[in-house]
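*Asks:* sequence first, predicted coordinates after that:
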Amino acid sequence: AQSVTQPDIHITVSEGASLELRCNYSYGATPYLFWYVQSPGQGLQLLLKYFSGDTLVQGIKGFEAEFKRSQSSFNLRKPSVHWSDAAEYFCAVEHNNDMRFGAGTRLTVKP
Amino acid sequence: GAGVSQSPSNKVTEKGKDVELRCDPISGHTALYWYRQRLGQGLEFLIYFQGNSAPDKSGLPSDRFSAERTGESVSTLTIQRTQQEDSAVYLCASSLSSGSYNEQFFGPGTRLTVL
């Protein structure tokens, strides 16, 4: 079965700085890949997804992610972080309706 | 409603009691999913419903867990004889149909605390 690893439990960045959240997956074929954000007291919101085609995908709120098959990675990036980006971020992989989530990375944004 | 709703938002119960958690999906969404999120962990798939098909129960951790859904409407997740390890946030999601091409929309979750 597929699995997802998010190596960083907690990341702190300054407002305006760039951000990269790491995600590695384990799966025999190319899975469907997702990034979700969970703000305090809110449900999960889909940021972006990758199914096929262009390996650089654009999402909402200025986020993007790049699928790298050779590294089994799907890292999330944002060039300039805003204070409102403070939240928990989850990477997920899906195959045949079986969706597996990573443990999440908590993002703190310093003023 | 506009989104997926869940009730209650918080539930505190004593060990050994039964609890029922409710999910109201987005109207017209045929697929409904339940997940469990333990503190500091990712989401754990529990069960999903697709229309009138038999549900996929492969993620349920024990026979104390069960879920029902009538048609394409409300779903109830029941945990019998709760244990402390059942403490978690239980998330519900719905989508137009199962499959990756249809985004799952998540509710705010029910935080369950078993004392």
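*Replies:* That came through, no problem.

*Asks:* could you pick out the residues of chain B near chain A for me?
*Replies:* By the rule CB under 8 Å from any CB of the partner chain, the part of chain B lying against chain A is B:3-4, B:33, B:35, B:40-45, B:48, B:50, B:56, B:58, B:91, B:93, B:98-101, B:103-109. Just so you know, the C-beta spots here come from the backbone N, C-alpha and C atoms, and that holds for glycine as well.

*Asks:* A:L21 is in contact with A:T5, correct?
*Replies:* No: A:T5 is not in contact with A:L21 according to CB atoms under 8 Å; the separation is 12.0 Å.

*Asks:* those two: which is more packed in?
*Replies:* Between A:T5 and A:L21, A:L21 has the larger neighbour count (other CB atoms under 10 Å in any protein chain shown), namely 23 against 15.

*Asks:* contacting residues around the residue nearest the centre of chain A?
*Replies:* In chain A, the residue lying closest to the centroid (CA atoms, centre = their mean) is A:W35, at 3.8 Å. Listed by CB atoms under 8 Å, 6 or more residues apart in numbering or on different chains, the contact partners of A:W35 are A:21, A:23, A:46-49, A:59, A:63, A:65, A:74, A:76, A:89-92.

*Asks:* per-residue pLDDT, it?
*Replies:* According to the prediction, A:W35 has pLDDT 96.

*Asks:* tell me which element it falls in.
*Replies:* A:W35 belongs to strand A:32-38 when assigned by DSSP states H and E.

*Asks:* partner strands of whichever helix or strand comes after that strand, parallel or antiparallel?
*Replies:* Counting by DSSP H and E, the next helix or strand C-terminal to strand A:32-38 is strand A:44-50. Strand A:44-50 sits in its sheet next to strand A:32-38 (antiparallel), going by DSSP bridges.

*Asks:* hmm, back to that, inside helices: which ones of the residues of chain B next to chain A?
*Replies:* The members of those all map outside helices under DSSP state H.

*Asks:* restricted to buried residues, select those residues in ChimeraX.
*Replies:* In ChimeraX syntax, the buried subset of the residues of chain B next to chain A is picked out as below (16 or more other CB atoms under 10 Å in any protein chain shown):
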select /B:4,33,35,42,43,44,45,48,50,56,91,93,98,100,104,105,106,107,108,109
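
*Asks:* pull out the buried residues from stretch A:44-60.
*Replies:* A:44-50, A:57, A:59.
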